[in-house]
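Asker: the following block contains a protein sequence and its predicted model.
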Amino acid sequence: MPNTLRLDQSVTYGYRSEMPFQPPTVDGFHSHLHYEIYYFHAGVCTYIIGDRSYDLRPGDVLLMHGMTLHRPHPAPDQPYIRSILHFDPAVLHNYIQPEHISELLYPFEHIGNCRLSLNPEQQAEWEQSLAYLQQIAPQPNEKVSLRFIMRMCDLLSLLAERCKQEHITYERIGKSGYAQAILDYIEAHYMKDITLDDIADHLHLSKPYIASVFKQSTGTTVFKYLYNRRITQATLLLQYQSDLSITEASRLVGFKQLTHFSRLFKQMVGCSPEVYRARWLQDTINEH
């Protein structure tokens, strides 16, 4: 059984969860404001982060800037065991000197998203640390403790050092590399009017093969992923470019019809673009 604790609004920790993946959206892709440290214990899983896919091996650590669209695609007939730590980077300001925070957050703010593969010795050390975090985690509804935050910072420090020591490269993984090539094409062209014909012409493959290999590797369809990518980008435009109209934001992320954009936005986000922007602005005012 999973041990998932929402320590408070700033930190969530799930230790050795074995529950089947339950998609938060229809096709499983999601994003969030928190940073994420994901450790893969066992199973068979391809993980999609933005325009990259990773075939995971036990001992892999994924570091994710949560606003990037992401989802796991575990094999349904295999165990899927993972530990996940979500944290709001702002929580560090309550405990750590400002000059040290940028060092701790280096992987998230300078690399963005990446995978680290641990050797057996490192795996044993890492898993011991994750188990210790579980032991010292507060009970539900209790405030996250200084002890927990300090241990979390130890892990962040180790990750930052590892990322600086290694030459982190983005991997190009997928069935014969084609799923990755499709992701690359979507990332470069999502703001345009993409068709399967365009992708097929670019990769010199048939449309049925493209649809099949993408579905097998990611668990979703090309166009569900494309629409999710566009809507995620639209939320960022609505948040940070207040001078843009809804119509202009729609056009910039690749929608030709405002009605289509508004319908998909409400379906995926849960409210209209207008309501989303108004709530975001109100939340920003309240924070200040």
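Answerer: That came through, no problem.

Asker: identify the residues contacting the residue nearest to Leu63 when sequence neighbours are not counted.
Answerer: Leaving aside its sequence neighbours, Leu63 sits nearest to Pro107 (C-beta to C-beta, 6 or more residues apart in numbering; 4.8 Å). Quick note: C-beta positions are derived from backbone N, CA and C, even for glycine. When contacts are counted by C-beta atoms under 8 Å, 6 or more residues apart in numbering, Pro107 touches 63, 114, 159-160, 163.

Asker: determine which two of these are furthest apart.
Answerer: The span of the contacts of Pro107, defined through C-beta to C-beta, is set by Cys114 and Ala160 at 11.7 Å.

Asker: give the rounded mean pLDDT of whichever strand or helix holds Asp184.
Answerer: Secondary structure assigned from DSSP states H and E places Asp184 in helix 178-189. The average of the pLDDT scores along helix 178-189 is 86.

Asker: may I have that helix exported as PDB, CA atoms only?
Answerer: Taking C-alpha atoms only, helix 178-189 is exported to PDB below (Å, rounded to 0.1, in the frame of the first residue of the first chain):
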ATOM      1  CA  TYR A 178      10.300   7.300 -33.700                       C
ATOM      2  CA  ALA A 179       8.100   8.200 -30.600                       C
ATOM      3  CA  GLN A 180      10.800  10.600 -29.600                       C
ATOM      4  CA  ALA A 181      11.000  12.100 -33.000                       C
ATOM      5  CA  ILE A 182       7.300  12.700 -32.900                       C
ATOM      6  CA  LEU A 183       7.600  14.500 -29.600                       C
ATOM      7  CA  ASP A 184      10.400  16.600 -30.900                       C
ATOM      8  CA  TYR A 185       8.300  17.600 -34.000                       C
ATOM      9  CA  ILE A 186       5.300  18.500 -31.800                       C
ATOM     10  CA  GLU A 187       7.400  20.600 -29.500                       C
ATOM     11  CA  ALA A 188       8.900  22.500 -32.400                       C
ATOM     12  CA  HIS A 189       5.500  23.000 -34.200                       C
END
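
Asker: give me the angle between the helix or strand just after that helix and helix 178-189.
Answerer: Counting by DSSP H and E, the next helix or strand C-terminal to helix 178-189 is helix 196-203. For helix 196-203 and helix 178-189, the angle between their directions (axes from the mean of the first three to the mean of the last three C-alpha atoms, to 10 degrees) works out to 110 degrees.

Asker: which is the next helix or strand following helix 196-203?
Answerer: Downstream of helix 196-203, the next assigned helix or strand under DSSP H and E is helix 207-218.

Asker: what are the contacting residues of the helix or strand following that following helix?
Answerer: As assigned by DSSP H and E, the chain's next helix or strand after helix 207-218 is helix 222-240. Residues from elsewhere that reach helix 222-240, judged by C-beta under 8 Å, 6+ apart: 25-27, 29, 31, 48, 67, 69, 182-183, 186-187, 190-191, 194, 196, 199, 210-211, 214, 218, 244, 246, 249-250, 252-255, 261, 264-265, 268-269, 273, 276-277, 280.

Asker: are any of the residues you listed buried, and if so which?
Answerer: 25, 27, 29, 31, 48, 67, 69, 182-183, 186, 190, 194, 196, 199, 210-211, 214, 218, 244, 246, 249-250, 253-255, 261, 264-265, 268-269, 273, 276-277 (16 or more other C-beta atoms under 10 Å).

Asker: give the contact list for Pro208.
Answerer: Neighbours of Pro208 in contact, by C-beta under 8 Å, 6+ apart: none.

Asker: that one and Ala200: what is the separation?
Answerer: The spacing between Pro208 and Ala200, counted by C-beta to C-beta, to the nearest Å, is 9 Å.

Asker: same check, this time on Gly254
Answerer: 19 Å.

Asker: show me the contacts for Ser157.
Answerer: By C-beta under 8 Å, 6+ apart, the residues touching Ser157 are 103-104.

Asker: ditto for the one 5 residues further on
Answerer: Arg162 sits next to Leu116 when contact means C-beta under 8 Å, 6+ apart.

Asker: again, only using 10 Å
Answerer: 61, 63, 107, 116, 118, 122, 168 (C-beta atoms under 10 Å, 6 or more residues apart in numbering).
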